[in-house]
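Engineer: structure of the sequence below:
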Amino acid sequence: MPAVPIAIISREMRLGGRAFYAATLLALFVAYAGILAITFGFGLAELMGSAAANIMPIALLGAAVRPILRGLVLARPVIIQAVAHAAFATSFTMLLYWLVMVLLGVMSGRSVVEFNVTPFRSPAAVWQLFQGLIIYALIAVLVHAEALAEKMRATSRDIASDESDVAPARLFVRLGEDIRPLDPSRIILIRGADDYAELVTASGTHLVRMTLATLGERLGARFIRVHRSLLVNIDRIGRAEPAGGGRMLLHMENGEMVTASRSGTRLLRERVI
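Structural biologist: Sure thing, here's the model as predicted:
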């Protein structure tokens with residue numbers, strides 16, 4: 001399977017994704033069907049219908065209450081959240097109870113417009129109401145967990161961004177038979193050709209056996225790929241001017257002038273304040 005579809009599936013299966021909730025509802029459906037089969041010995045058609053009558057209201061009410069909790073409740077003070085959860089839990093439980101009764105009545109009726117609704121008897125009613133409260137609590141916990149997971153992912157991205165702006169550690173290059181350290185901040189630009197790259201500094205050049213892509217990853221955000229075969233150190237750009245066609249002409253500190261491609265120019269413009 002291609003990498004992009006795998007990434008999409010992975011993203012959707014994480015907490016809050018559509019695939020995650022679809023899998024959760026499928027698991028609940030199987031659980032309901034198993035309990036009903038053991039308890040009442042229903043046939044396949046009646047088993048599927050009864051399980052669906054229990055799952056459909058959960059899916060509908062869950063889809064309705066989730067955005068309300070995320071948009072209106074989570075940002076409130078704790079005491080207001082507690083009051084809101086109490087009100088929503090009561091409403092959710094009663095609506096779930098009513099919808100399950102109606103759907104079971106439709107299943108046993110003559111048609112979708114001609115059926116009788118029979119209330120649950122006392123033990124079943126208590127269990128159904130208790131079940132509604134538990135399901136609401138699970139939805140509320142998942143919504144809070146989603147928000148926390150999103151906050152943690154955002155924090156991780158911020159940390160990674162901050163780390164990418166930190167000056168990279170020194171590189172080591174060969175000078176004849178010697179191996180000498182090279183401070184990346186001294187590099188003005190890097191030209192790439194297949195598996196080799198030429199590091200250009202104010203004092204000279206160094207040829208290394210490493211691809212431009214690998215060097216870009218090691219050197220971090222201070223180096224921008226302005227062309228498919230060229231990396232520039234943004235701290236070593238003297239000035240820049242339009243070059244036409246959505247491109248930009250860069251005047252480097254060592255006197256060299258390089259033309260950034262359209263994509264490279266877009267990356268440079270993102271740094272403009």
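Engineer: what stretches of the stretch 101-250 of the chain score poorly on pLDDT?
Structural biologist: Counting by pLDDT under 70, the low-confidence segments of the stretch 101-250 of the chain come to 112, 154-170.
Engineer: what about the strands in it?
Structural biologist: Taking DSSP state E, counting those that start in this stretch to define them, one finds strands in the stretch 101-250 of the chain at 171-175, 178-182, 187-193, 196-201, 204-208, 223-227, 230-233, 237-244, 247-252.
Engineer: return the set of buried residues in whichever helix or strand comes after the last one.
Structural biologist: Toward the C-terminal end, the helix or strand that comes next after strand 247-252 (DSSP states H and E) is strand 257-260. For strand 257-260, a neighbour-count test (16 or more other C-beta atoms under 10 Å) marks 258-260 as buried. Heads up, the C-betas are built off the backbone N, CA and C, glycines and all.
Engineer: in a markdown table: the strands of the stretch 101-250 of the chain, plus mean neighbour count and distance to Val102.
Structural biologist: Below are those laid out as a markdown table (neighbours: other C-beta atoms under 10 Å; distance: least, C-beta to C-beta, whole Å):
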| stretch | mean neighbour count | distance to Val102 |
| --- | --- | --- |
| strand 171-175 | 13 | 71 |
| strand 178-182 | 11 | 75 |
| strand 187-193 | 20 | 68 |
| strand 196-201 | 19 | 70 |
| strand 204-208 | 14 | 73 |
| strand 223-227 | 22 | 61 |
| strand 230-233 | 22 | 65 |
| strand 237-244 | 13 | 67 |
| strand 247-252 | 19 | 65 |
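Engineer: which one, of those strands, ends up nearest to Phe29?
Structural biologist: strand 223-227 (49.5 Å; C-beta to C-beta).
Engineer: ok, back up a step: which one of the buried residues of strand 257-260 is nearest Thr93?
Structural biologist: For these, the residue nearest Thr93 by C-beta to C-beta is Ala260; the value is 61.1 Å.
Engineer: look up how far Ala52 lies from that closest one.
Structural biologist: Counting by C-beta to C-beta, to the nearest Å, the separation of Ala260 from Ala52 is 59 Å.
Engineer: what residues does Leu28 make contact with?
Structural biologist: When contacts are counted by C-beta atoms under 8 Å, 6 or more residues apart in numbering, Leu28 touches 55, 58.
Engineer: element containing it, please.
Structural biologist: Going by DSSP H and E, Leu28 is part of helix 18-40.
Engineer: what is the subsequent helix or strand relative to that helix?
Structural biologist: helix 44-68.
Engineer: pull the residues that contact that next one.
Structural biologist: 21, 25, 28-29, 32-33, 36-37, 42, 88, 92, 95-96, 99-100, 103-104, 106-107, 135-136, 139, 143.
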